[in-house]
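return a 3D structure for these sequence lines:
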Amino acid sequence: MLEHTPTTRAITSMTRNFEVAALRADQKMHVALLKAPAMPLFDSAFSAFARESFISTTQGCVAIENLSPGDN
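Prediction:
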């Protein structure tokens, strides 16, 4: 009789990369690249715009990738 030995498999969870930009109190920009699990809890915490999306600012329409924290 053959015995079956269960094997363990590593569970690989899906992750997403997030680029987070913030303006610090000293007016310096902080940019961090973070990984988070690909699940609704994390996805709903971030707002995202596709590259080349235009945002209306006081300087006119600006592509999202050209904005910096603090721009109006």
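
show me which helix or strand of this protein is least confident by mean pLDDT.
Ranked by mean pLDDT, DSSP states H and E, the helix or strand of the chain with the weakest confidence is helix 40-43, at a mean of 79.

what residues sit buried inside that one?
For helix 40-43, the neighbour count (16 or more other Cβ atoms under 10 Å) marks no residue as buried. Where C-beta positions appear, they are placed from N, C-alpha and C, glycine not excepted.

and Met29, what does it touch?
Applying Cβ atoms under 8 Å, 6 or more residues apart in numbering to Met29 gives the contacts Ala21, Ala22, Leu23, Ser68, Pro69, Gly70.

show me the beta-bridge partners of it.
Beta-bridge pairing of Met29 under DSSP bridges involves Leu23.

pLDDT score for it?
Met29 is assigned 85 on the pLDDT scale.

roughly how far apart are it and Gly70?
The gap separating Met29 from Gly70 is 8 Å, by Cβ to Cβ, to the nearest Å.

which residues do the two both contact?
Leu23.

so where's this structure uncertain?
The model of the chain has pLDDT under 70 over residues 1-12, 46-48.

which residues of it fall in strands?
Along the chain, the segments classed as strands by DSSP state E run 15-23, 29-37, 54-57, 60-63.

how much space between the spatially most central residue of the chain and Ala63?
Centroid-nearest residue in the chain: Phe18, 2.0 Å away (criterion: Cα atoms, centre = their mean). From Phe18 over to Ala63 the distance is 19 Å, taken as Cβ to Cβ.
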